[in-house]
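A.B. asks: Mind folding the following:
(2 chains)
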Protein chains: 2
Amino acid sequence: VKLYDYGASANCLKVRILLRLLGTTYERVPVDIFAGESQTPEHLSRNPAGRTPVLELDSGEAIPESNAILIHLARGTPFLPDDPIAQSRVLGWLFFEQNLVEPNVGTARFWRLTGRDAGREQIVARFVEAGSAALDVLERHLDGRGWLVGDSASVADVGLYAYVHAAPDAGFGLAERPGVSAWLTRVEVLAGFVNDLEPYPTGARVGAGGQSVHDGQSKAG
Amino acid sequence: VKLYDYGASANCLKVRILLRLLGTTYERVPVDIFAGESQTPEHLSRNPAGRTPVLELDSGEAIPESNAILIHLARGTPFLPDDPIAQSRVLGWLFFEQNLVEPNVGTARFWRLTGRDAGREQIVARFVEAGSAALDVLERHLDGRGWLVGDSASVADVGLYAYVHAAPDAGFGLAERPGVSAWLTRVEVLAGFVNDLEPYPTGARVGAGGQSVHDGQSKAG
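C.D. replies: Sure, this is the predicted structure:
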């Protein structure tokens, strides 16, 4: 398979982590978001939302949205339970991630690391409030549990790991959330786990002269 | 099955629409969010995020998150394709919905209809920008297509319908998006379709004396 990918995106990181956990070889195709490469006709034909990551199958068919890619890759593997109820709960956590974790923790991180937070205090305050509430939900759920769903790691854990482990970059504390912290470590010692999240490049900073980038184009998907 | 439900939530509406399209009888259990009923220990045991909707199976097991509920109910029905690639694309649209449509179009609507937008112009401006961009993605994709995935209605269409049809409540225009408008009508004429979205009650307004409610508790999930 081929992964259209951006190194500093935690949405892309989660797919790379799963590919390694599964031992799946893949071709990585970097998409330079800040040079406009996610908005070309070619990329929009892969993903109408113009975001990364996109998985391209050997047949040439494209699958966008990071968590849909996780599910696609995990079918028939131990990372997606066969039981329909367990599988629906895995999906539930992945929707929670895209609805409350990524838009708040992820965007707060992106803005802070690239200078997009300047002058937007009202929005940033909302990220802090809603992102903290989302992390508190995780803490409550993980207190006394090893994994988000059932007794072993699933794509729910891989999907949530991505932005949660990076929450301190946006000023969210993990030390006061011991359940979350212990769970992050459990993910990190899975066989094959590698975290290769890259820093945002200089060109990603506001005013660096690159193309203007919406949040939706930059680190979501 | 039992549906823990809030009448004015479009996340709940999408589940009610699917249940009727499938002809599934269900018991509706209203959760009075603005009286704190989504934050009780009982409800938090059903959904650690304290949101509606939650589906409770006859076995007593609970499934939270609206789009996970859609997938759970649709397995084995024409509303979820068997083909893994098509199924992953359905998921992709549902993740897009929770990541870009609900947080922007949905929250903008909730705030405007309940007076929560006052004094938060910076945040509202971002809802308008990001919500419009999300609707434009849908318009591009639906131009020349009947349905979001494949040749027939799926839970992707049901899931996206909920907040998109209500976008004008938040000031988003649909007249200038003819592909989206025609698709909404196609959803509305499906056999069994009923839209019973309720208005927000007086008690939902800011300052109405009810419990304070986060966005995450009120209309997401």
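A.B. asks: What residues does the spatially closest residue to A:Leu138 that is not a sequence neighbour make contact with?
C.D. replies: Excluding the flanking residues, the one nearest A:Leu138 by CB to CB, 6 or more residues apart in numbering or on different chains is A:Val180, at 5.4 Å. Glycine gets a C-beta too; all of them are placed from N, C-alpha and C. Shown in contact with A:Val180 (CB atoms under 8 Å, 6 or more residues apart in numbering or on different chains): A:135, A:138-139, A:142, A:164, A:174.
A.B. asks: how about the residues you listed in TSV, adding secondary structure and pLDDT?
C.D. replies: Shown next, in TSV, are the contacts of A:Val180 (DSSP: H, G, I helix; E, B strand; the rest coil; pLDDT from 0 to 100):
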residue	secondary structure	pLDDT
A:Leu135	helix	98
A:Leu138	helix	98
A:Glu139	helix	98
A:Leu142	helix	98
A:Val164	helix	98
A:Leu174	coil	97
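A.B. asks: Now, of these, which are buried?
C.D. replies: Among the contacts of A:Val180, those classed as buried by 16 or more other CB atoms under 10 Å in any protein chain shown are A:135, A:138-139, A:142, A:164.
A.B. asks: between the residues you listed, which is nearest chain B?
C.D. replies: A:Leu138 (8.2 Å; CB to the nearest CB).
A.B. asks: Return the residues in contact with the closest one.
C.D. replies: By CB under 8 Å, 6+ apart, A:Leu138 lies in contact with A:160, A:164, A:177, A:179-180, A:183.
A.B. asks: Repeat the analysis, applying 10 Å as the threshold.
C.D. replies: A:93, A:96-97, A:100-101, A:148, A:160, A:164, A:177, A:179-180, A:183, B:48-49 (CB atoms under 10 Å, 6 or more residues apart in numbering or on different chains).
A.B. asks: One more: A:Pro48?
C.D. replies: Neighbouring residues of A:Pro48 by CB under 10 Å, 6+ apart: A:64, B:92-93, B:96, B:136-142, B:148.
A.B. asks: just curious, which of these is nearest to A:Val31?
C.D. replies: Closest to A:Val31 out of these is A:Pro64 (12.0 Å), distances taken as CB to CB.
A.B. asks: pLDDT score for that closest one?
C.D. replies: pLDDT for A:Pro64: 98.
A.B. asks: That one - nearest residue in space that isn't next to it in sequence?
C.D. replies: For A:Pro64, the spatially nearest residue (CB to CB, 6+ apart) is A:Asn47, at 3.6 Å.
A.B. asks: quick one on the thing from earlier: just the buried ones from the contacts of A:Pro48?
C.D. replies: The buried subset of the contacts of A:Pro48 - by 16+ other CB under 10 Å - is A:64, B:92-93, B:96, B:137-142, B:148.
A.B. asks: now, which of the residues you listed sits nearest A:Leu80?
C.D. replies: B:Gly92 (15.9 Å).
A.B. asks: The closest one belongs to a strand?
C.D. replies: No - B:Gly92: not assigned to a strand; according to DSSP: H, G, I helix; E, B strand; the rest coil it is helix.
A.B. asks: quick one: it from A:Ile33, how far?
C.D. replies: B:Gly92 is 19 Å from A:Ile33, where distance means CB to CB, to the nearest Å.
A.B. asks: One more: A:Phe127?
C.D. replies: Per CB to CB, A:Phe127 is found 20 Å from A:Ile33.
A.B. asks: cool, and A:Ala74?
C.D. replies: On the measure of CB to CB, A:Ala74 and A:Ile33 end up 26 Å apart.
A.B. asks: same question, A:Tyr4
C.D. replies: 11 Å.
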